[in-house]
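Engineer: Need coordinates for the following:
(one chain, ligands or ions: 1)
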Amino acid sequence: MSKSAIFSLILVILFSFSCTKTGKNSASMAPSTSQAQKVVLVIHGGAGTIKKENMTDEREKAYRNKLSEALQAGYEILKNGGESCEAVIKTINVMEDSPLFNAGKGAVFTADEENELDASIMRGSDRNAGSVAGVRTIKNPIDAAFEVMENSVHVMLTGTGAEEFAEGQGMEIVDPDYFKTDWRLEQLRARKEYGTVGAVALDDNGNLCAGTSTGGMTNKKWGRVGDAPIIGAGTYCDNATAGISATGHGEFFIRSVSAYEVSALMKYKGYTVDEAATASIDQTADLGGTGGLIALDKDGNVSMPFSSAGMYRGYVTENGEIVVRIYKGE
Ligand code: ASP
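Structural biologist: The predicted structure follows:
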């Protein structure tokens with residue numbers, strides 16, 4: 001065999017090895033992102049059947065602007081030496097307060113035409129975590145999740161008990177009607193879209209924090225709880241590996257413990273954050289669950305894989321460069 005034939009053979013073997021290692025679905029054939037600089041904050045605003053042909057220019061612009069605004073809000077905190085969890089909360093607040101996303105105002109409706117919200121947060125330095133599920137009156141559920149982490153001996157509070165706790169912690173309480181929007185009511189039973197929001201931040205001290213906030217799945221009933229408030233499924237964070245926040249069909253993300261899977265693959269198999277994130281999304285997709293996740297490691301490497309048509313997503317680098325993406329292949 002000639003030298004060039006041997007060389008080509010080696011290239012083919014190396015290429016197929018890298019494809020096997022990183023999985024076979026979703027965005028796995030190419031790194032889900034490549035950034036030149038250290039990323040300090042990454043966000044998602046939900047995944048699903050998000051296609052350019054279904055989007056008006058105006059609506060696309062509104063999403064891109066709001067994602068940029070959220071990144072800017074978190075970046076300001078990090079730039080001024082703030083903690084990663086503070087950045088995660090302020091970033092998610094921008095999206096919770098916007099009717100564009102399925103979190104806070106604009107949350108999807110349950111089968112009873114109510115809004116029931118879930119949120120969680122986890123800090124990478126001590127792996128402390130907090131979450132709330134099925135709450136109906138807390139304006140910003142991510143703040144309540146943080147209070148559970150900081151000011152209770154518990155990790156997860158649900159329903160009216162969680163609301164009582166949040167009120168006692170001075171959280172803003174609103175009438176359940178606050179969350180209702182006409183377009184989400186029309187959307188009830190209409191489209192398969194996951195509009196959960198999430199953020200992962202890395203602060204000056206090298207500490208990671210991850211958070212997720214959602215209205216859950218449209219038309220849910222029987223007190224259904226998704227992956228977003230479940231530590232390990234929708235959110236996970238460990239300074240030794242990465243911070244992760246997921247969005248998608250929650251039942252499958254719970255069954256594949258998607259967020260923890262990213263951390264475990266990095267910890268026990270030595271995967272990079274992108275290999276681990278992609279493999280996790282592929283495994284969830286193999287079970288039948290579409291969606292995506294964002295992951296940021298302790299060195300500022302980011303990954304944003306998804307198995308759906310699109311995912312609202314973006315990141316900001318340490319120099320303040322903001323990148324926002326919506327569709328596949330962007
Ligand atoms: N993962 C969320 C849930 O299943 C839905 C979403 O991502 O929008 O509750």
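
Engineer: Following element in sequence after the longest strand along the chain, please.
Structural biologist: In the chain, assigned by DSSP state E, the strand with the most residues is strand 39-48. Using DSSP states H and E, the helix or strand that directly follows strand 39-48 along the chain is helix 57-79.

Engineer: Now do the strands in this structure.
Structural biologist: Secondary structure of the chain (DSSP E): strands at 39-48, 117-123, 129-135, 156-158, 193-194, 197-202, 208-214, 235-237, 242-248, 291-297, 302-303, 310-317, 322-327.

Engineer: and the fourth one, what other elements does it pack with?
Structural biologist: Contact partners of strand 156-158 among helices and strands, from 3 or more C-beta pairs under 8 Å, 6 or more residues apart in numbering; DSSP states H and E: strand 129-135. For glycine as for every other residue, the C-beta is placed from the backbone atoms N, C-alpha and C.

Engineer: Any part of the strand it packs on near the ligand?
Structural biologist: No - Strand 129-135 stays clear of the ligand (C-beta under 6 Å from any ligand atom), getting no nearer than 9.7 Å.

Engineer: residues in contact with that strand?
Structural biologist: Defining contact as C-beta atoms under 8 Å, 6 or more residues apart in numbering, one finds that strand 129-135 is touched by 116-123, 138, 141, 144-150, 152, 154-159, 162-163, 166, 223, 225, 229-231, 235, 237.

Engineer: could you check the angle strand 117-123 makes with that strand?
Structural biologist: 180 degrees (axes from the mean of the first three to the mean of the last three C-alpha atoms, to 10 degrees).

Engineer: now the angle from strand 129-135 to strand 208-214?
Structural biologist: Using the same axes, to 10 degrees: strand 129-135 against strand 208-214 is 0 degrees.

Engineer: what comes up buried for strand 129-135?
Structural biologist: A129, G130, S131, V132, A133, G134, V135 (16 or more other C-beta atoms under 10 Å).

Engineer: and if you look at stretch 311-329?
Structural biologist: In stretch 311-329, counting by 16+ other C-beta under 10 Å, buried: 311-318, 322-326, 328.

Engineer: quick one: which of those residues is nearest the ligand?
Structural biologist: M311 (9.9 Å; C-beta to the nearest ligand atom).

Engineer: For the closest one, give its distance to G45.
Structural biologist: M311 is 8 Å from G45, where distance means C-beta to C-beta, to the nearest Å.

Engineer: And D274, by the same measure?
Structural biologist: D274 is 20 Å from G45, by C-beta to C-beta.

Engineer: higher neighbour count, these two?
Structural biologist: G45 (28 against 24; other C-beta atoms under 10 Å).

Engineer: ok, that one - contacts?
Structural biologist: G45 neighbours (C-beta under 8 Å, 6+ apart): Y63, K66, L67, A70, M95, L100, F101, G195, T196, V197, Y312, R313.

Engineer: what's the answer for A199, then?
Structural biologist: 41-43, 70, 74, 87-88, 91-92, 210-211, 245, 294.

Engineer: switch the cut-off to 10 Å
Structural biologist: Shown in contact with A199 (C-beta atoms under 10 Å, 6 or more residues apart in numbering): 41-45, 70-71, 73-74, 84-85, 87-95, 121, 142, 209-213, 243, 245, 294, 296, 315.

Engineer: Of those residues, select the buried ones using a ChimeraX command.
Structural biologist: Of these, the buried ones can be selected in ChimeraX as follows, counting by 16+ other C-beta under 10 Å:
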select :41,42,43,44,45,70,71,73,74,84,85,87,88,89,90,91,92,93,94,95,121,142,209,210,211,212,213,243,245,294,296,315
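
Engineer: Could you measure from I142 over to A107?
Structural biologist: 13 Å.

Engineer: now swap in G161 and tell me
Structural biologist: 20 Å.

Engineer: Within its local environment, how many residues does T272 see?
Structural biologist: For T272, using other C-beta under 10 Å, the count is 18.

Engineer: likewise the one 5 residues further on?
Structural biologist: A277 sits with 39 neighbouring residues when counted by other C-beta under 10 Å.

Engineer: returning to that earlier point: with distance to D204 and pLDDT added, can I get the buried residues of strand 129-135 in CSV?
Structural biologist: Below are these laid out as CSV (distance: C-beta to C-beta, whole Å; pLDDT from 0 to 100):
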residue, distance to D204, pLDDT
A129, 22, 98
G130, 23, 98
S131, 26, 98
V132, 29, 98
A133, 32, 98
G134, 36, 97
V135, 32, 98
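
Engineer: Next, give me the two most distant ones among those residues.
Structural biologist: A129 and G134 (17.5 Å; C-beta to C-beta).

Engineer: what sits against the nearest residue to V200 once chain neighbours are set aside?
Structural biologist: Excluding the flanking residues, the one nearest V200 by C-beta to C-beta, 6 or more residues apart in numbering is G243, at 3.7 Å. The contact partners of G243, by C-beta under 10 Å, 6+ apart, come to 42, 84, 88, 122-124, 198-202, 207-211, 235-237, 259, 262-263, 273, 294-298.
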